[in-house]
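# No sequence on hand, only this structure:
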């Protein structure tokens, strides 16, 4: 009997990526989207200082090859890539039966521990001279025999096994793996044709709508309403994004720099304050004018792009609203615009949203591959916790005050009263000035962030 090696580090060289929704699209669309996805992966790897050796597009799989020592970090990065449903660290072997047999038994015995059960899946995309049932039966017997030699007690269990090994014989290469790791968001790859504005706030609750549309392949351009500067003075100083750590968390999912649009609204607010009746709440008027600002940016972008994603123009389709943190009256105001309003939380109950929020907060705890990846996770989680502490200690942002019903005092204007103010020539002129003088900063996130001591 062949003696198989023990206690060697498994030489993973491949990340085998599975997708779900892409397979439902037409073959022409798939060809286009696969190239977009592969290009995105290459750019993210460069940004994260990972040395991708090659990529392979096979039927039902995308494969990415690295040096073995980079696989743990690459797995951590790949969990964040939009478009993959799951990923698996794999080894590549010859499909010749004797070679495959030795490689698989060696692989399985390195993984299996005493007391564990195992199952084998055998998939061949191309004709194979030996039937799957015989391959599996031979491998089951060999593993049990060699396990006894190594004093390991293991058992076969076709359903509910501790370890489920997979052998995939594909058009190019044969691959062995045992882990099938879910990505954070799955979804469809990022496309420039799906670009949306989103009034940004740093709370976890406000980030959920953006993440829900991120997983649909949308480019989210955050919009910050700056109530500390006016449109006449915006060119004198650059707005500081240092306090908006969540922006960089969003940006890390993208392969290109993300545009952040800053609108200087101080003079608009001051003008509105001088026009609003004393017994009216000012916030609906602010928000109504802010929607007009978004509308103007979207409509202008269709004629002439001023924001970009890589070398592509962004022609915005509309803007995103948060269903569970805004008043129904505010959502109704968005329906009266000449642009689309996207409400990704529509149809979710409060409990559904709370579940998503909890998963979002704890997503760094969902996966443990080995010590290297666990260390990366601990650093990422520590940094996330520090950001959360800072965020929770801050005074509620201007946008949060604006959209939160609890602070609403005074009369809520009727649609006619609101339209009278938003269509006022002075207000319309200010809106044009703010859009013309908007500030756009490009930001880039990073997944593998070094922990600050």
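Looks like it arrived, so ask away. Treat the numbers as computed from the prediction; the structure is a model and nothing was measured. Residues are numbered from 1 along each chain as shown.

# Show the average pLDDT along whichever strand or helix holds residue 121.
Assigned by DSSP states H and E, residue 121 belongs to strand 117-124. For strand 117-124, the mean pLDDT works out to 96.

# likewise stretch 197-211?
Averaging pLDDT along stretch 197-211 yields 86.

# ok, now stretch 417-433?
The pLDDT scores in stretch 417-433 average 94.

# Straight-line length of that stretch, end to end?
Taking Cα to Cα, to the nearest Å, stretch 417-433 runs 23 Å from one end to the other.

# ok now it, how far from the chain's centre?
A distance of 37 Å separates the centroid of the chain from that of stretch 417-433, by Cα atoms, centre = their mean, to the nearest Å.

# and what of stretch 243-257?
10 Å.

# cool, and stretch 181-198?
6 Å.

# What of stretch 410-418?
Here the centre of stretch 410-418 is set off from its chain's centre by 38 Å, with Cα atoms, centre = their mean.

# circling back: got the buried residues for the strand holding residue 121?
117, 118, 119, 120, 122, 124 (16 or more other Cβ atoms under 10 Å). Every C-beta, even on glycine, is put in place using the N, C-alpha and C of the backbone.

# shaky segments in the stretch 51-200 of the chain?
Along the stretch 51-200 of the chain, the model assigns pLDDT under 70 to no residue.

# Now do the strand holding residue 121: everything it contacts.
Strand 117-124 is contacted from outside by 108, 112, 132, 135-136, 139-140, 143, 154-169, using Cβ atoms under 8 Å, 6 or more residues apart in numbering.

# Okay, strands next: where are they in the stretch 151-300 of the chain?
Taking DSSP state E, counting those that start in this stretch, the strands of the stretch 151-300 of the chain run over residues 155-156, 163-169, 174-177, 181-182, 195-199, 219-226, 258-264.

# quick one: which of those strands is nearest residue 53?
In terms of Cβ to Cβ, the element of the strands of the stretch 151-300 of the chain nearest to residue 53 is strand 174-177, at 15.4 Å.

# Which parts of the stretch 1-150 of the chain are helices?
With DSSP state H, counting those that start in this stretch, the ranges of helices along the stretch 1-150 of the chain come out as 27-47, 71-78, 97-111, 132-149.

# for the last one, packing partners?
When you say that, I think you mean helix 132-149. Helix 132-149 sits against helix 97-111, strand 117-124, with contacts defined as 3 or more Cβ pairs under 8 Å, 6 or more residues apart in numbering; DSSP states H and E.

# how far does that helix sit from the chain's center?
41 Å.

# Likewise for the longest one?
Its chain's C-alpha centre lies 15 Å from the corresponding centre of helix 27-47 when counted by Cα atoms, centre = their mean.

# buried residues in it?
Those would be 33, 34, 36, 37, 38, 40, 41, 44, 45, 47, for helix 27-47 by 16+ other Cβ under 10 Å.

# what does it contact?
Under Cβ under 8 Å, 6+ apart, the answer for helix 27-47 is 22-23, 25, 51-52, 55, 57, 62, 64, 74, 77-78, 81, 83, 188-191, 255-256, 444, 446-447.

# Next: stretch 291-298.
The contact list for stretch 291-298 (Cβ under 8 Å, 6+ apart) reads 197, 199, 223, 225, 261, 263, 265, 316-319, 333-334, 337-339, 422, 427, 431-432, 434-435, 438.

# Give the buried subset of those residues as a ChimeraX selection command.
Selecting only the buried entries of the contacts of stretch 291-298 in ChimeraX, with 16+ other Cβ under 10 Å as the criterion:
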select :197,199,223,225,261,263,265,316,317,318,319,333,334,337,339,422,427,431,434,435,438
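
# I'd like to know which of the contacts of stretch 291-298 are part of helices.
333, 334, 422, 427, 431, 432, 434, 435 (DSSP state H).

# Would you confirm that the fifth one contacts residue 288?
No: judged on Cβ atoms under 8 Å, residue 431 makes no contact with residue 288 at a distance of 10.8 Å.

# For the nearest residue to residue 178 once chain neighbours are set aside, give me its contacts.
Excluding the flanking residues, the one nearest residue 178 by Cβ to Cβ, 6 or more residues apart in numbering is residue 165, at 5.1 Å. By Cβ under 8 Å, 6+ apart, the residues touching residue 165 are 104, 107, 108, 111, 118, 119, 120, 121, 176, 177, 178.

# likewise residue 197?
Applying Cβ under 8 Å, 6+ apart to residue 197 gives the contacts 221, 223, 261, 294, 297, 298, 316, 318, 319, 320.

# make it 6 Å
221, 223, 294, 316, 319 (Cβ atoms under 6 Å, 6 or more residues apart in numbering).

# looking only at pLDDT, what's the mean for stretch 302-309?
For stretch 302-309, mean pLDDT rounds to 93.

# Now do the buried residues in that stretch.
307, 309.

# same question, stretch 148-163
Quick answer for stretch 148-163 (16+ other Cβ under 10 Å): 152, 154, 161, 163.

# returning to that earlier point: so among the contacts of helix 27-47, which ones count as buried?
Neighbour-count burial (16+ other Cβ under 10 Å) applied to the contacts of helix 27-47 gives 22, 52, 55, 62, 64, 74, 77-78, 81, 83, 188-191, 255-256, 447.

# Save the helices of the stretch 1-150 of the chain as TSV, and put in distance to residue 417 too.
Formatted as TSV, the helices of the stretch 1-150 of the chain follow (distance: least, Cβ to Cβ, whole Å):
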stretch	distance to residue 417
helix 27-47	47
helix 71-78	52
helix 97-111	69
helix 132-149	72
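
# my guess is residue 153 meets residue 114, correct?
Yes: counting by Cβ atoms under 6 Å, residue 153 does reach residue 114; the two are 5.1 Å apart.

# related to what we said a few turns ago, residue 278: which of the strands of the stretch 151-300 of the chain is closest?
strand 219-226 (23.7 Å).

# what's the closest one packed up against?
Where contact means 3 or more Cβ pairs under 6 Å, 6 or more residues apart in numbering; DSSP states H and E, strand 219-226 is packed against strand 195-199, strand 258-264.

# Now tabulate those strands in JSON lines and tack on distance to residue 88.
Listed next are these as JSON lines, based on distance: least, Cβ to Cβ, whole Å:
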{"stretch": "strand 195-199", "distance to residue 88": "32"}
{"stretch": "strand 258-264", "distance to residue 88": "29"}
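
# Tell me which of those strands sits nearest to residue 95.
Residue 95 lies closest, by Cβ to Cβ, to one member of the helices and strands packed on strand 219-226: strand 258-264, at 43.0 Å.

# Can you list the strands that the closest one pairs with?
In the sheet, strand 258-264 lines up against strand 219-226 (parallel), strand 439-443 (antiparallel) (DSSP bridges).

# highest average neighbour count across those strands?
Among the strands paired with strand 258-264, strand 219-226 has the highest mean neighbour count (mean count of other Cβ atoms under 10 Å), at a mean of 23.
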